[in-house]
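Trainee: Provide a 3D model corresponding to the input given below.
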Amino acid sequence: MTDRLTRIRTELDERNLDALLISAPGEEEFGAANRRYVSGFTGSTGQVLVTRDRAIVAADFRYVEQAERECAPRGFEVFQALGARREWFPRLIGEAGLGGRRIGISTRDLSYAGFLAMMELLDDLPASGQPELVPAKGIVEGLRRMKDPEELGLIERAIAISDAAFDRLESALRPDMTELEVAEVFAANVRAAGGEDISFPTIVAAGPWSAMPHASPRPEVLGEGRPIVIDMGARFAGYCSDLTRTLALGTPDAKFRAVYSIVFEAQTAAIEGIEAGMRASDAHMLAQGVMDRAGYGERFGHGLGHGVGLDVHEDPYLGTSSEDVLEEGMVFTIEPGIYLPGWGGVRIEDIVVIENGKPRVLSHARKLTPAGV
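Mentor: Numbering: from 1, shown residues only. Have a look, this model is predicted:
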């Protein structure tokens, strides 16, 4: 955490800011991942304030003891946010010595309504004591792109849990199971394997329903010989995994075998072709080129992948519009897919980390190969 604070302060210097505020008072739905990354705090609400020489977690009565346990060992002071927000928030600013200073606001961690409310909370301060609130886009998100060894270990543990949960699920699949039952079994398997919970609502889609990349599971049976897309993940110590497997129960038809083989080739081309320093948009095109040559380019309508960490979707983004560059230590998915309305879809997804300039595949759950389809 000390290294993270050092890097934040370097950003403050470069942006001519005196502090960074993560999460606005009263907005419990924002800031959890960035707050946890910077401070270690796992509560559902609270603010993190990093100045040039201090690191503060503001927590209300419910979380004061928790913040002291989780954050004080990491060099954070715990500010007791007691009473009305109009009383304690200006006091926080004053005690941190930020009156009249420039405070960067982590833009992903508050809404516009929250920004306006925060401005109102400072109205009672004298003009000379009111800080300037400045949008500070991407400071924490930029740091989170590259995973340190501790983070990578937690991600690998989450991946191992989801791999094990899927392996158990696959052996239990039957044509008469419903999509909803499959999702429930996977969630139970995650908890049995030591996961906190699933990392996002599991996608289970059979037959034509699987032509929708983010279809929700239904009380419909899986059936035989048709594509079944299962997109799933586990969470461990706050970190996420993300895995997609496409399979068919019984004997798949020739179309399934052909489409699956193209998607498998596209994923293999991306894994083998990606290098550190490559633009994420060029990484996408490694898979897109395979799809285009096979005549399915228009049926691959989403990006090749996305970063994974404390959030299941975070930077970098691998797609045609991305301006990201893939760097050593980044962890992201590679998940090409083909989606054919009226028939179904195929998607294969694994997580990789860039090590020694090339992707190392972290997912190990069994998947079909073209020879085995």
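Trainee: OK, contacts around Asp109?
Mentor: Contacts here follow Cβ atoms under 8 Å, 6 or more residues apart in numbering; on that basis Asp109 touches Ile22, Ser23, Ala24, Glu27, Phe30, Gly31, Asn34, Arg35. To be clear about C-beta, it is placed using only N, CA and C from the backbone, and glycine gets the same treatment.
Trainee: switch to 6 Å and redo it
Mentor: Listed by Cβ atoms under 6 Å, 6 or more residues apart in numbering, the contact partners of Asp109 are Ile22, Ser23, Phe30, Gly31, Asn34.
Trainee: Now tabulate the residues you listed in CSV and tack on neighbour count, pLDDT and distance to Ser111.
Mentor: Formatted as CSV, the contacts of Asp109 follow (neighbours: other Cβ atoms under 10 Å; pLDDT from 0 to 100; distance: Cβ to Cβ, whole Å):
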residue, neighbour count, pLDDT, distance to Ser111
Ile22, 31, 96, 14
Ser23, 25, 90, 11
Phe30, 19, 82, 7
Gly31, 25, 83, 11
Asn34, 23, 96, 15
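Trainee: so what's Ile8 closest to, chain neighbours aside?
Mentor: Excluding its sequence neighbours, the residue lying closest to Ile8 (Cβ to Cβ, 6 or more residues apart in numbering) is Val50, at 5.2 Å.
Trainee: any idea how far that neighbour lies from Ser39?
Mentor: From Val50 across to Ser39, the span is 9 Å (Cβ to Cβ, to the nearest Å).
Trainee: what do you get for Arg91?
Mentor: Separation of Arg91 from Ser39 (Cβ to Cβ): 20 Å.
Trainee: Comparing these two, which residue is more hemmed in?
Mentor: Taking neighbours as other Cβ atoms under 10 Å, Arg91 and Ser39 compare with Ser39 leading, 28 against 15.
Trainee: Test my guess that the more buried one contacts Val57.
Mentor: Yes. Ser39 lies in contact with Val57 (Cβ atoms under 6 Å); the separation is 5.3 Å.
Trainee: who touches both of those two?
Mentor: In contact with both Ser39 and Val57: Val48, Cys71, Phe76, using Cβ under 6 Å, 6+ apart.
Trainee: what residues go with each domain of this structure?
Mentor: Using automatic domain parsing, the domain parsing of the chain gives 2-144, 149-372.
Trainee: can you tell me which of those the model trusts least?
Mentor: Set side by side, the domains of the chain give their lowest mean pLDDT on domain 2-144, at a mean of 94.
Trainee: starting at the chain centroid, how far to it?
Mentor: Centroid separation between domain 2-144 and its chain, computed with Cα atoms, centre = their mean, to the nearest Å, is 22 Å.
Trainee: which residues does Thr51 bridge with?
Mentor: Listed by DSSP bridges, the beta-bridge partners for Thr51 are Ala19.
Trainee: sorry, back to before: ok, the contacts of Asp109 vs Glu150, which is closest?
Mentor: Using Cβ to Cβ, Asn34 is the member of those that lies nearest Glu150, at 17.0 Å.
Trainee: quick one: that closest one from Phe256, how far?
Mentor: 42 Å.
Trainee: So Trp209, which state does it fall into?
Mentor: helix (DSSP: H, G, I helix; E, B strand; the rest coil).
Trainee: quick one, what contacts it?
Mentor: Trp209 neighbours (Cβ under 6 Å, 6+ apart): Ala215.
Trainee: Quick check: the gap between it and Pro217.
Mentor: Per Cβ to Cβ, Trp209 is found 9 Å from Pro217.
Trainee: same check, this time on Arg191
Mentor: Arg191 sits at a distance of 18 Å from Pro217 (criterion: Cβ to Cβ).
Trainee: who has more neighbours, the two?
Mentor: A side-by-side neighbour count of Arg191 and Pro217, using other Cβ under 10 Å, places Pro217 first with 21 against 14.
Trainee: The spatially closest residue to that one that is not a sequence neighbour: how many residues sit nearby?
Mentor: The shortest distance from Pro217 to any non-neighbouring residue, by Cβ to Cβ, 6+ apart, is to Glu179 (3.7 Å). Glu179 has 26 neighbouring residues, counting by other Cβ under 10 Å.
Trainee: Please apply the same query to Gly295.
Mentor: If you count neighbours by other Cβ under 10 Å, Gly295 ends up with 9.
Trainee: ok, it - contacts?
Mentor: So Gly295 contacts nothing (Cβ under 6 Å, 6+ apart).
Trainee: can you give me the helices for the chain?
Mentor: 2-15, 32-39, 64-71, 85-95, 112-121, 139-144, 149-172, 179-192, 254-273, 280-294 (DSSP state H).
Trainee: To Val331, which of those lies closest?
Mentor: Of all the helices of the chain, helix 149-172 comes closest under Cβ to Cβ, at 5.9 Å.
Trainee: before we move on, the earlier item: ok, and the most crowded of the shared contacts of Ser39 and Val57?
Mentor: Val48 (28 neighbours).
Trainee: Can you measure across stretch 65-84, start residue to end residue?
Mentor: Taking Cα to Cα, to the nearest Å as the measure, stretch 65-84 stretches 19 Å from start to finish.
Trainee: ok, now stretch 103-114?
Mentor: End-to-end distance for stretch 103-114, by Cα to Cα: 15 Å.
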